[in-house]
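Colleague: I need the structure of the sequence given here:
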Amino acid sequence: MSQQTEQRDTFSFENTEIAFRSKSNRDLDKAYWLFKIIGSNFLTKVGPPITNFALKIGLPITGIIRNSIFNHFCGGETIEGCLPAIGRLANQRVETILDYSVEGEEAEVAFDETCNELLRTVEYAQRNPNISFSVFKPTGLGRFSLFEKVNANIALDEEEKREYNRVKQRIDRICKACHDGNVRVLIDAEHSWIQDAIDDIARDMMRVYNRTAPVVYNTYQLYRTDKLAALQADYYLAETDGFFLGAKLVRGAYMEIERERAEELGYLSPIQPDKEATDRDYNLATHFCLDHVDRIGMMAGTHNETSCRLLAEEIDHRQLPHNHPHLYFAQLLGMSDNLSFNLAEAGYRVAKYMPYGPVKAVMPYLFRRAQENTSVAGQTGRELSLITQEKKRRKFNK
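Modeller: From the prediction side, this is the model:
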């Protein structure tokens, strides 16, 4: 019997021993109470205003945040501070996606600083084989309102044209550094009313830097009604033009905002009518990427167990190697460890998004993670159930 067959026969997302192997009993207790608090909606409803008020008046709350939610969902405040967390993931065969998670900037100097920090993540990835991806949000490198204007095909004045060229130059610098350093880069998705402009830039980057391998990956939010067709159209363009398509498949992150804006402005919502439609398109996109795996680099960015199982089973069904260089699973640090570590144990390629940055600067990210755990059906309960299961297993095996 081959090793791959043995791994398939013993593969289970319920194996909490593997999922929590790197966590001490104290770590498990802290994670349990953190998800309990998240499940109560405190962090999503009361947390942001209280935290912002405490920071504003100078209360020493940063240490509390650092030792709780920050330590669970982030790797550190600097790249160097992330190295222990990167090592812990590597010990369980999981790679790292370094994610500089500072948000909400509007000044040119801040965009340049973010660009330079992203270039540092690429430099570290060149020296550390456990860091396989860099990632950036386009609005971390340019003004949201500028992307919005370009997306709406509103003419830019001369200064805005120069500003937009600087945005594209920053993105090009990052993509070129990744190409030259053999590091993949993920371009995160944004709101639908700026996404077309981002897609245009992503295709331009792929045309230049994906000639011999998928280096630049664009993100396809399958909770949108048009993104399966967009993925297919981009593949046929890549095939015609002779470059590799990099595709990160996600469900999406802005559903409520998208629907509210569509209703307010009176246009048809770009969001799928229900979860079943989103799941259908996500699975169809997965099959499409596998059908064309020779030219598509695919990252399944999902915490959905059914989607992960589908991809794992299809890899086996199609007799593809578990460690195929064009196929990755990805989850966020601090979430769905039962998926990440059990997939990695079975030989699949897995990477964790590892956010980092100063505690105060990553607060918007942290509250979104708390909100995501609350809004995704069953996510918090699932995390608590797995932690409880592992605590009982350890107690029984004492």
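Colleague: for the helix or strand hosting residue 201, output the C-alpha coordinates as PDB.
Modeller: Assessed by DSSP states H and E, residue 201 sits inside helix 192-209. Taking C-alpha atoms only, helix 192-209 is exported to PDB below (Å, rounded to 0.1, in the frame of the first residue of the first chain):
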ATOM      1  CA  SER A 192     -17.200  45.000  -5.700                       C
ATOM      2  CA  TRP A 193     -17.300  48.700  -6.600                       C
ATOM      3  CA  ILE A 194     -13.500  48.800  -6.700                       C
ATOM      4  CA  GLN A 195     -12.800  45.200  -7.700                       C
ATOM      5  CA  ASP A 196     -12.800  45.600 -11.500                       C
ATOM      6  CA  ALA A 197      -9.900  48.100 -11.300                       C
ATOM      7  CA  ILE A 198      -8.000  45.600  -9.100                       C
ATOM      8  CA  ASP A 199      -8.700  42.700 -11.400                       C
ATOM      9  CA  ASP A 200      -7.300  44.700 -14.300                       C
ATOM     10  CA  ILE A 201      -4.100  45.400 -12.400                       C
ATOM     11  CA  ALA A 202      -3.900  41.700 -11.400                       C
ATOM     12  CA  ARG A 203      -4.200  40.500 -15.000                       C
ATOM     13  CA  ASP A 204      -1.500  42.900 -16.100                       C
ATOM     14  CA  MET A 205       0.800  41.600 -13.300                       C
ATOM     15  CA  MET A 206       0.100  38.000 -14.300                       C
ATOM     16  CA  ARG A 207       0.800  38.700 -18.000                       C
ATOM     17  CA  VAL A 208       4.300  39.900 -16.900                       C
ATOM     18  CA  TYR A 209       5.300  37.700 -14.000                       C
END
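Colleague: report the angle between the helix or strand that comes right after it and helix 192-209.
Modeller: Of the helices and strands lying after helix 192-209 in sequence (DSSP H and E), the nearest is strand 216-221. Computed by axes from the mean of the first three to the mean of the last three C-alpha atoms, to 10 degrees, the angle separating strand 216-221 from helix 192-209 equals 150 degrees.
Colleague: state the next helix or strand along the chain beyond strand 216-221.
Modeller: Helices and strands here follow DSSP H and E; after strand 216-221, the next one along the chain is helix 227-241.
Colleague: which elements pack onto that next one?
Modeller: helix 192-209, strand 216-221, strand 245-250, helix 275-291 (3 or more C-beta pairs under 8 Å, 6 or more residues apart in numbering; DSSP states H and E). Where C-beta positions appear, they are placed from N, C-alpha and C, glycine not excepted.
Colleague: so which bits of it are buried?
Modeller: 227, 228, 230, 231, 234, 235, 238 (16 or more other C-beta atoms under 10 Å).
Colleague: can I get stretch 300-313 in CSV, CA atoms only?
Modeller: C-alpha atoms of stretch 300-313 as CSV (Å, rounded to 0.1, in the frame of the first residue of the first chain):
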residue,chain,number,x,y,z
ALA,A,300,-8.5,27.1,-1.6
GLY,A,301,-8.8,29.8,1.0
THR,A,302,-11.6,28.3,3.0
HIS,A,303,-12.7,27.2,6.5
ASN,A,304,-15.5,25.1,5.0
GLU,A,305,-14.9,21.5,5.8
THR,A,306,-17.0,20.2,2.9
SER,A,307,-15.0,22.2,0.4
CYS,A,308,-11.7,21.1,1.9
ARG,A,309,-12.8,17.5,1.8
LEU,A,310,-14.0,17.8,-1.8
LEU,A,311,-10.7,19.2,-3.0
ALA,A,312,-8.7,16.5,-1.0
GLU,A,313,-10.8,13.7,-2.5
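Colleague: pull the residues that contact it.
Modeller: 11, 13, 219, 248-251, 279, 282-283, 286, 290, 327-332, 335-336, 339, 343, 346, 348, 376, 379 (C-beta atoms under 8 Å, 6 or more residues apart in numbering).
Colleague: just the buried ones from those?
Modeller: Buried, going by 16+ other C-beta under 10 Å: 11, 13, 219, 248-251, 279, 282-283, 286, 290, 327-332, 335-336, 339, 343, 346, 348, 379, out of the contacts of stretch 300-313.
Colleague: ok so, going back, can I get the helices and strands packed on helix 227-241 in a markdown table with mean pLDDT and distance to residue 26?
Modeller: What follows is these, written out as a markdown table (pLDDT from 0 to 100; distance: least, C-beta to C-beta, whole Å):
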| stretch | mean pLDDT | distance to residue 26 |
| --- | --- | --- |
| helix 192-209 | 98 | 42 |
| strand 216-221 | 98 | 36 |
| strand 245-250 | 98 | 33 |
| helix 275-291 | 97 | 37 |
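Colleague: out of the ones you listed, which is closest to residue 147?
Modeller: Minimum separation from residue 147 across those (C-beta to C-beta) falls at helix 192-209, 3.9 Å.
Colleague: so what does the closest one touch, helix or strand wise?
Modeller: helix 144-151, helix 158-181, strand 184-187, strand 216-221, helix 227-241.
Colleague: touching the last one from outside, list them.
Modeller: With contacts defined as C-beta under 8 Å, 6+ apart, helix 227-241 is touched by 199, 203, 206-207, 210, 218, 220-222, 244-245, 247, 249, 281, 284-285, 288-289, 292, 295-296.
Colleague: try the third one
Modeller: The contact list for strand 184-187, computed with C-beta under 8 Å, 6+ apart, reads 97, 122, 132-136, 138, 171, 174-175, 178, 198, 201-202, 205, 214-219, 246, 248, 297, 299.
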